[in-house]
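Participant: Just to be clear, the model below is a prediction. Sequence and coordinates:
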Amino acid sequence: MKQLLKWTGLVLFAAVVGLALAFAFNAVVRSQTSIAAALRPASQVTPYPSVQPWGYGGWGMGPGMVGGCGTKGRAYPGSGTPITLDQAIESARQYLATYGNPDLELTEVMEFSNNFYAEVKEQSTGIHAFEVLIDRYTGAVYPEPGPNMMWNIRYGHMGGMMGGWGRSRAGAMSVTPERARDIAQKWLDKYLPGTSAAQEVDAFYGYYTIHVIKNGEVYGMLSVNGYTGDVWYHTWHGNFIEMKELEEQK
């Protein structure tokens with residue numbers, strides 16, 4: 001009986017020690033989490049988000065990709081040689097045609113070292129609808145990640161999930177274009193000294209996109225949330241090469 005009581009006591013003691021260690025570990029984890037949260041910049045989504053465009057597949061807007069997975073082949077066969085800017089424009093127009101919405105027009109296409117980038121605007125409202133990327137080698141077109149999907153309350157992934165809520169807030173952004181540019185410049189002064197926010201601010205449904213300028217040339221771009229003022233830098237483009245402004249004929 002004494003031996004049984006001895007082992008029972010040891011087991012209970014071990015259990016108490018184990019619980020004490022577990023509580024101590026949880027307290028340390030909570031403390032570290034609180035410290036990390038306190039050190040996080042308050043007005044930035046993240047200086048350099050690690051989202052990769054191909055990780056989203058066919059999420060987001062409209063009918064999905066043109067020339068990518070799940071379609072009837074690629075617009076241009078991959079050959080190790082990049083397509084031209086004009087071919088990228090053709091791919092973007094083919095993508096836009098799948099919407100069947102004559103109100104949407106292609107406004108500009110930019111070539112970067114990692115991809116082509118294009119903006120689409122509503123002719124009737126003058127508001128930019130969404131942004132797409134075009135593969136430099138295949139011509140495949142897909143929704144741009146980041147703000148275009150997560151902040152676009154009408155055409156983006158989150159806007160589609162929220163249904164009428166997103167459409168009801170369209171045009172009600174509390175951050176003005178002027179304020180968005182000021183926010184962008186303060187962010188650039190802190191994280192990319194020597195760069196500046198372009199004067200032109202493109203308004204989308206829920207956010208703004210602004211070109212970043214360095215030494216008088218396009219350096220990159222970022223977006224500012226139209227409700228919170230959060231900043232999201234577009235890290236996926238690479239180095240700027242050239243661009244073409246487009247004017248669709250009605």
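Facilitator: Noted; the coordinates are in hand. Residues are numbered from 1 along each chain as shown.
Participant: burial measure for residue 231, as a count.
Facilitator: Neighbourhood size, residue 231 [other CB atoms under 10 Å]: 25. Quick note: C-beta positions are derived from backbone N, CA and C, even for glycine.
Participant: Find the nearest non-adjacent residue to it, please.
Facilitator: Nearest non-adjacent residue to residue 231, counting by CB to CB, 6 or more residues apart in numbering: residue 187, 4.5 Å away.
Participant: Shouldn't the one you found be within a helix?
Facilitator: Yes - assignment of residue 187 by DSSP: H, G, I helix; E, B strand; the rest coil places it within a helix.
Participant: Identify the residues contacting residue 207.
Facilitator: 147, 151, 152, 173, 223, 224, 225, 226 (CB atoms under 8 Å, 6 or more residues apart in numbering).
Participant: Ok, residue 131 next?
Facilitator: Residue 131 neighbours (CB under 8 Å, 6+ apart): 117, 118, 119, 120, 143, 144, 148, 204, 209.
Participant: okay, the residues you listed in JSON lines with distance to residue 106 and secondary structure next?
Facilitator: Converted to JSON lines, the contacts of residue 131 look like this (distance: CB to CB, whole Å; DSSP: H, G, I helix; E, B strand; the rest coil):
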{"residue": "117", "distance to residue 106": "12", "secondary structure": "strand"}
{"residue": "118", "distance to residue 106": "6", "secondary structure": "strand"}
{"residue": "119", "distance to residue 106": "7", "secondary structure": "strand"}
{"residue": "120", "distance to residue 106": "6", "secondary structure": "strand"}
{"residue": "143", "distance to residue 106": "15", "secondary structure": "strand"}
{"residue": "144", "distance to residue 106": "14", "secondary structure": "coil"}
{"residue": "148", "distance to residue 106": "15", "secondary structure": "helix"}
{"residue": "204", "distance to residue 106": "15", "secondary structure": "strand"}
{"residue": "209", "distance to residue 106": "15", "secondary structure": "strand"}
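Participant: For residue 191, state which of the residues you listed is nearest.
Facilitator: Nearest to residue 191, judged by CB to CB, of those is residue 209 at 17.1 Å.
Participant: Helices of the protein, start to end?
Facilitator: When assigned using DSSP state H, the helices of the chain occupy the ranges 2-39, 85-97, 147-150, 157-162, 164-169, 177-191.
Participant: so where's this protein uncertain?
Facilitator: Residue ranges of the chain with pLDDT under 70: 1-79, 158-171, 247-250.
Participant: Could you rerun that using 80?
Facilitator: Within the chain, the set of residues satisfying pLDDT under 80 comprises 1-79, 157-171, 247-250.
Participant: need the contact list for the closest residue to residue 226 other than its chain neighbours.
Facilitator: Sequence neighbours aside, residue 173 is the residue nearest to residue 226 in space, at 3.1 Å (criterion: CB to CB, 6+ apart). Residues near residue 173 by CB under 8 Å, 6+ apart: 203, 206, 207, 226, 227.
Participant: Any of these buried? List them.
Facilitator: Among the contacts of residue 173, those classed as buried by 16 or more other CB atoms under 10 Å are 203, 206, 207, 226.
Participant: now, among the residues you listed, which is nearest to residue 179?
Facilitator: Out of these, the member with the shortest distance to residue 179 (by CB to CB) is residue 226, at 9.5 Å.
Participant: Now do that closest one against residue 111, distance only.
Facilitator: For residue 226, the distance to residue 111 equals 28 Å [CB to CB, to the nearest Å].
Participant: same question, residue 214
Facilitator: 17 Å.
Participant: Compare neighbour counts for these two and give me the winner.
Facilitator: residue 111 (23 against 14).
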